[in-house]
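Peer 1: mind looking at a prediction? Sequence and model below.
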Amino acid sequence: MRFSKLRNDEQGMALILAVFGLVVIGALVAGSFFVGRVEQVTGYNTVWASQAGEAAEAGLGYAMSSIDPVTYEAMPVWSPAAPNEYVTSGSGISGTTSVVYTDSVRRLNQTVFVVRSTGRRVSAGGQVLATQTLAQMVRLAKPTVGVNAAVTVQDPIKFNGNSFAVDGVNAYPPGWGPSDCPSGAPQANNTDDVVGIRSSSGTGMSAADDDNVSGYPADAVPNDPTITSATFRDFLDYTYNTLANQANVKVLVNDTPYNGVAPVIDASSVCDKPVLLNLGEPRRTAGSVTQCYGFFPIVHGTASRLIFASGTRGQGILLVDGDLELVGGFEWTGLIIVRGQMKVTGTGNKITGAILTEGVDIATAGAIGGDAEVHFSKCAFDRAV
């Protein structure tokens, strides 16, 4: 039997091949780990970027829905020389500090704003892991409702008693001041004053009522041909229906008296706006609900008759499809538009702002301090719209 001998140049090949194989396998394993690590980091970055983007969207949503419109209205126009902007911050996910946003609002002109929201995903140690910035142009739209009287009606008003007050002289609502009225203080020289009652027919006033009605340039203007049904339904850039169909309108469908109409705060001591009968806080006195000072809702009564029971209050725009009846102790600051008739009875009814109604029957009774009062206020009207 013969045995062949290995050639000298073939000796040690098995070891070399084994080492080479280990190197290749090691490289494959290391590459797999590297690719896996890259994919893991990429996945984390994608999630963090998505969370930061959601936080930025939450910031835009907050700026659109939660910042008091009066804050926007009070802002000066931004310029490089006067870089004024409104900045606020919050959490993109309720109860967390790892996903946050910062809002920046700049006023470009009287009606246009740019809102920028920067969302951040932050580590437990405070390191910023991802950042996303979104921006949106916003236009502040306000209904242009022509108001040139404290009370505007088509039908003559039926007054009962001689202790009521209808006043067209512009003034702050009771207890309000410059901080509540960014549109400015009442002007001198009757600049912002209006007549007390303006009607398309007779006003219904008698000689005995003259000392209860005041305004400028006249206490009352009867037979005004500019007052038609359209006065109460069609406005310059809105209609009654478009106002009633705005988002978050509070719709009151009952024809039985509404009780318990008063501002409400939630468990976090924030104005609880979703509560149906939370219509804002018109008062600026001790014990008032300060959290609801900036809440001016649109309230829409859809029944044939809307009745507010005694001891109720609110502010904003009150739209009534049918008749409105106030049975005493009702306080409202803002604008009231009634498509039907309006009846005011009892004591303690105080309306500050303006009323547009196609018919009014103001019945008063009791002491002077408790009788119906209607006072024009440009500040209240501007805040409401």
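Peer 2: Thanks, I have the structure now.

Peer 1: out of the helices and strands in this structure, which is least certain?
Peer 2: The helix or strand of the chain with the poorest confidence is helix 69-74; it has a mean of 71 (mean pLDDT, DSSP states H and E).

Peer 1: tell me which element residue 316 is part of?
Peer 2: Assigned by DSSP states H and E, residue 316 belongs to strand 312-320.

Peer 1: for whichever helix or strand comes after that strand, what does the pLDDT average out to?
Peer 2: Beyond strand 312-320 in the direction of the C-terminus, DSSP H and E gives the next helix or strand as strand 323-326. The predicted model gives strand 323-326 an average pLDDT of 91.

Peer 1: counting contacts, what elements does the strand holding residue 316 pack onto?
Peer 2: In this structure, strand 312-320 makes packing contacts with helix 240-244, strand 298-301, strand 330-344, helix 378-384, judged by 3 or more C-beta pairs under 8 Å, 6 or more residues apart in numbering; DSSP states H and E. Backbone N, C-alpha and C define where each C-beta goes, glycine included.

Peer 1: what distance separates that strand from the middle of the whole chain?
Peer 2: Computed by C-alpha atoms, centre = their mean, to the nearest Å, the chain-centroid distance of strand 312-320 equals 14 Å.

Peer 1: partner strands of that strand, with direction?
Peer 2: For strand 312-320, the paired strands and their directions (DSSP bridges) are strand 298-301 (parallel), strand 330-344 (parallel).

Peer 1: only C-alpha atoms, please: export the first one in PDB.
Peer 2: In this case it means strand 298-301. Output of strand 298-301 as PDB, limited to C-alpha atoms (Å, rounded to 0.1, in the frame of the first residue of the first chain):
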ATOM      1  CA  ILE A 298     -72.600  81.200  21.600                       C
ATOM      2  CA  VAL A 299     -75.900  80.000  23.100                       C
ATOM      3  CA  HIS A 300     -78.700  78.800  20.800                       C
ATOM      4  CA  GLY A 301     -82.300  78.400  22.000                       C
END
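
Peer 1: can I get the following helix or strand past that strand in PDB, CA atoms only?
Peer 2: Downstream of strand 298-301, the first helix or strand assigned by DSSP H and E is strand 305-308. The C-alpha coordinates for strand 305-308 follow below in PDB (Å, rounded to 0.1, in the frame of the first residue of the first chain):
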ATOM      1  CA  ARG A 305     -89.900  79.600  23.800                       C
ATOM      2  CA  LEU A 306     -86.700  79.900  25.900                       C
ATOM      3  CA  ILE A 307     -87.200  80.700  29.500                       C
ATOM      4  CA  PHE A 308     -84.500  81.500  32.100                       C
END
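
Peer 1: same for strand 305-308, what does it pack against?
Peer 2: Helices and strands touching strand 305-308, by 3+ C-beta pairs under 8 Å, 6+ apart, are strand 323-326.

Peer 1: which helices and strands does the strand it packs on pack with?
Peer 2: Counting contacts by 3+ C-beta pairs under 8 Å, 6+ apart, the secondary-structure elements packed against strand 323-326 are strand 305-308, strand 330-344.

Peer 1: distance from the first one to the middle of the chain?
Peer 2: This means strand 305-308. Between the mean C-alpha location of strand 305-308 and the chain-wide mean there is a distance of 24 Å, by C-alpha atoms, centre = their mean.

Peer 1: what's next to that strand, contact-wise?
Peer 2: When contacts are taken as C-beta atoms under 8 Å, 6 or more residues apart in numbering, the neighbours of strand 305-308 outside the stretch itself are 252, 255-258, 261, 320, 322-327, 330, 340.

Peer 1: and those, which are buried?
Peer 2: Using 16 or more other C-beta atoms under 10 Å as the burial test, these include 252, 258, 261, 320, 322-327, 330, 340 as buried.

Peer 1: nearest to residue 146, out of those: which one, please.
Peer 2: Residue 146 lies nearest to residue 320 out of those, by C-beta to C-beta, at 18.6 Å.

Peer 1: pretty sure that closest one sits against residue 301.
Peer 2: Yes - with contact taken as C-beta atoms under 8 Å, residue 320 and residue 301 are classed as touching, separated by 4.4 Å.

Peer 1: what helix or strand is residue 63 located in?
Peer 2: Here residue 63 is covered by helix 13-65, with elements defined by DSSP H and E.

Peer 1: elements contacting that helix?
Peer 2: Helices and strands touching helix 13-65, by 3+ C-beta pairs under 8 Å, 6+ apart, are strand 86-91, strand 99-107, strand 112-122, strand 128-139.
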